[in-house]
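**Q** would you be able to build a 3D model of this:
(2 chains)
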Protein chains: 2
Amino acid sequence: MNPSTSSASVTQLPSGFRFVGITCGIKASGKPDLALIVGDRPLVGAGVYTTNQIVAAPVVVCRGRTPSSSLRAVVINSGNANACTGDAGLRAAESMTERVAAHVGCRHEDVLVMSTGVIGRPLPLDKILPGIDSAYERLGVGSESFVGCSTAIMTTDAFRKSVTAEVTIEGQQYRVAAMAKGAGMIAPNMATMLAVVTTDAPLAQDDLVELLRHSADHSFNRVSVDGHTSTNDTLLLLSSGAGQPLAGEALTQFRDFLRQACIDLAKQLVADGEGATHIMEIRVSGAASNDDANRIAQVIGESPLVKTAITGGDPNWGRIVSAAGYAGPRIQPERTSLRILDMPLYRDGTPLAFDAAKASNLIKSSPTVVIDLVVGDGPGRATRWASDITVEYVRFNSEYTT
Amino acid sequence: MNPSTSSASVTQLPSGFRFVGITCGIKASGKPDLALIVGDRPLVGAGVYTTNQIVAAPVVVCRGRTPSSSLRAVVINSGNANACTGDAGLRAAESMTERVAAHVGCRHEDVLVMSTGVIGRPLPLDKILPGIDSAYERLGVGSESFVGCSTAIMTTDAFRKSVTAEVTIEGQQYRVAAMAKGAGMIAPNMATMLAVVTTDAPLAQDDLVELLRHSADHSFNRVSVDGHTSTNDTLLLLSSGAGQPLAGEALTQFRDFLRQACIDLAKQLVADGEGATHIMEIRVSGAASNDDANRIAQVIGESPLVKTAITGGDPNWGRIVSAAGYAGPRIQPERTSLRILDMPLYRDGTPLAFDAAKASNLIKSSPTVVIDLVVGDGPGRATRWASDITVEYVRFNSEYTT
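**A** Below is the predicted model of the structure:
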């Protein structure tokens, strides 16, 4: 799937950042594989990282350096995940940040690093370190630089993923430019969802940490491709904003704006799930709590039987309702109701008569299939997004050999 | 996959049971769809049922009637799951047991019922009740009757699944005859794993309940096809044994024997996973507890990336190790080691050099792929079985339309 958002033109970039993407030779394909983002002055920043206990070296490095109010740069390589590489991997990640710091003239602790690609192979520093030198020379502030940067973080992505947006709050204009790659751990020996969100809204460090957690919980933590959490997942939020930090109502407005930008970006990840033909937007309500609703939506989105039903345009309420039934949180079967794309299929525990052929055609022709499931009369609700699963997914992931 | 166990000849049947399978017309295909098992005298019996909160009517009926020491019969229909059918479904399930009870001359509470097939359609009692009448006339004690019975519970199963075995304990011979159908919730609008285990070993009711729980925990609860728990899953254990119940060491010996019979039967379910080409036998050790090891093995067996790697003969240790890392229970990454089919691929957190082509060929040519994962130095261990996932699975489940 290649949704229109992916090719959105880049119109606004936050001030205070320079971007670049280059080819340094990590990938045999000769495609861009090194990206650099540098702040003109110290950045406020924080990260959210994989919950996998097997963590890649760059994640270890970033965890120790965030949150911070003195960050200056992020360096990202694709083509090699620097995961399962032991102490040598850790030293390699650190040396990437040291090289950047030498150019910027900052402490290496103020530089972050991300990697994505093959697991278990030594990082080719002989290519990356000179690559950093030439990347630094080519940093720019224009949309071409941003596009180059977000292209260089791609691995098996079918399309580049970015969001640029601006908002006016209390008469002041703020911008966000965000990029991401991957979706879960979707590709052979490739890992990782990586995302960097830059903004020029002034944010206090504690507020930025809270905003990032909030946005992640409602966007990147609500998408599933194959449910396989990678060793490298990293999401960074960086603010170059100077002056008085946002507070009160202005901060709330910016939080809502940022959350939506992250949702837009996260949905691009789902749309690029290997071989995906539909995005499922799964809305669960009536649960005992929001957490319960989220868990139910997750299990539905990760059920192979639900995924294949949507792939095939099958309005199969039995698969969806029974997935809710085994998800874990308590549901009220006699108050469970389901609509797909606004067609009522199941109400208060009873199947409804419906035009199966019409429903099937509607699902087949809808790139986004909205599933509304009510599981009781509780206040809990959540929305998640998941890709379907196709013959192409299985073929791609089973025909590869290490 | 069609393992040799499935066609094992039926040599011994426990005394005290009569079996039959017939065609009563539920299935449009005209295939057998009604099975009956009757005890010559009261049976000790217990059940283990689906954990799905959406439960089919026959499960509700059986739950209320087990455990018991006065059971006399089990009636099973295929072709219709009697699930999501409301109060009418409950009355239909009860009326099936009433019809059997009238023939046997027992209370209807002493008859159990199971159903499997399409969800959400009324049970065709006009076919089933007369079917029970003619089935009762044809009950038999020979292997032909048992084979007919275990054939009539099939839905989309590619082959019939049964185990017959005998054991001598303290000079006394005991027999088990068990049958099963399905595997998770693998087929379009079909539900359900159903299994009935009959034995002539004399068992006290409390011991039988404990034995069934133990066997289920080590067999049917350790297999995954697609991780989708059905609304109808039911496992019954029935004993016709007269005389002094087994106790002490004899009971322990029988418990081990029964567990192995259930494992053999459960592995047939995995082998019949839609489109499956390999069984994965996932052995996890070194966890903090057996429960932790079991959870880790489950997540590995349900990861689409692990499944597709095995399908394609890919010795992809990264997918397996990272699945262990996100499973939940604490692991020790620096003490994590992996062997596939006895080939060491990863040791104490470090990738090992290995012959990838040889490893790939070995996986491809092995119907059962043994995965040995050590996750630390704890005492916890568990073994599970899971099917791989193929293009055929997705095609089958996505090309169907309600």
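
**Q** sec struct for the residue of chain A most remote from its centre, please.
**A** Note on chain A: the largest C-alpha distance from the chain mean falls to A:Ala353, namely 38.8 Å (CA atoms, centre = their mean). Of the three states, A:Ala353 takes coil according to DSSP: H, G, I helix; E, B strand; the rest coil.

**Q** show the pLDDT at it.
**A** In the prediction, the pLDDT value recorded for A:Ala353 is 90.

**Q** quick check: phi and psi on the nearest residue to A:Glu281 once chain neighbours are set aside?
**A** Closest residue to A:Glu281 apart from its sequence neighbours, by CB to CB, 6 or more residues apart in numbering or on different chains: A:Val370 at 4.7 Å. Bear in mind the C-beta positions are built from the backbone N, C-alpha and C, glycine included. When read as degrees, to the nearest 10, the backbone of A:Val370 gives phi -90, psi 120.

**Q** touching, A:Val370 and A:Leu338? I think so.
**A** No - in this structure, A:Val370 is not within contact of A:Leu338 by CB atoms under 8 Å, at 11.4 Å.

**Q** show me which residues of the stretch 201-350 of chain A are close to chain B?
**A** A:226-231, A:303-305, A:308-309, A:311-319, A:321-326, A:330-331, A:333, A:336, A:346, A:349-350 (CB under 8 Å from any CB of the partner chain).

**Q** now the strand of greatest length in chain A: buried residues?
**A** Counting residues, the longest strand found in chain A (DSSP state E) is strand A:34-49. Within strand A:34-49, the residues that count as buried by 16 or more other CB atoms under 10 Å in any protein chain shown are A:34-39, A:43-49.

**Q** so where's the stretch 101-250 of chain A shaky on pLDDT?
**A** Residue ranges of the stretch 101-250 of chain A with pLDDT under 70: A:183-192, A:225-228.

**Q** the nearest residue to A:Ala204 once chain neighbours are set aside in helix, strand or coil?
**A** Closest residue to A:Ala204 in three dimensions, ignoring its sequence neighbours and counting by CB to CB, 6+ apart: A:Pro245, at 4.1 Å. Under three-state DSSP, the three-state class of A:Pro245 is coil.

**Q** for A:Pro245, phi and psi?
**A** Given degrees, to the nearest 10, the pair of backbone angles that A:Pro245 has is phi -60, psi 150.

**Q** now the strands: where do they sit in the stretch 151-300 of chain A?
**A** Using DSSP state E, counting those that start in this stretch, the strands assigned to the stretch 151-300 of chain A run over residues A:161-169, A:172-181, A:194-199, A:223-224, A:234-239, A:279-287.

**Q** measure how the third one sits relative to strand A:172-181, angle-wise.
**A** Spelled out, it's strand A:194-199. 170 degrees (axes from the mean of the first three to the mean of the last three CA atoms, to 10 degrees).

**Q** report the strands that pair with strand A:194-199, each with its relative direction.
**A** On the basis of DSSP bridges, the sheet neighbours of strand A:194-199 come out as strand A:172-181 (antiparallel), strand A:234-239 (parallel).

**Q** can you redo those strands as a markdown table with mean neighbour count?
**A** As requested, those are exported to a markdown table (neighbours: other CB atoms under 10 Å in any protein chain shown):
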| stretch | mean neighbour count |
| --- | --- |
| strand A:172-181 | 23 |
| strand A:234-239 | 28 |
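
**Q** got CSV for those, with distance to A:Ile22 too?
**A** Formatted as CSV, the entries for those read as follows, by distance: least, CB to CB, whole Å:
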stretch, distance to A:Ile22
strand A:172-181, 15
strand A:234-239, 20
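
**Q** looking at these, which is nearest to A:Val196?
**A** Taking CB to CB as the measure, the strands paired with strand A:194-199 were each checked against A:Val196, and strand A:234-239 came out nearest at 4.8 Å.

**Q** angle of the closest one against strand A:34-49?
**A** Here strand A:234-239 points in a direction 100 degrees away from that of strand A:34-49 (the same axes, to 10 degrees).

**Q** what's in contact with strand A:234-239?
**A** The set of residues external to strand A:234-239 that reach it, using CB atoms under 8 Å, 6 or more residues apart in numbering or on different chains, is A:17, A:37, A:39, A:43-50, A:58-59, A:62, A:66, A:71, A:74, A:112, A:114, A:192-203, A:208, A:211-212, A:215-216, A:220, A:258.

**Q** list buried residues within the residues of the stretch 201-350 of chain A next to chain B.
**A** Taking 16+ other CB under 10 Å as the criterion, what is buried in those is A:226-231, A:303-305, A:308-309, A:311-319, A:321-326, A:331, A:333, A:336, A:346, A:349.

**Q** got the contact list for the nearest residue to A:Phe257 once chain neighbours are set aside?
**A** The spatial neighbour of A:Phe257 that comes closest, neighbours along the chain excluded (CB to CB, 6+ apart), is A:Val167 at 4.3 Å. When contacts are counted by CB under 8 Å, 6+ apart, A:Val167 is found next to A:Gln173, A:Tyr174, A:Val176, A:Gln253, A:Phe254, A:Phe257.
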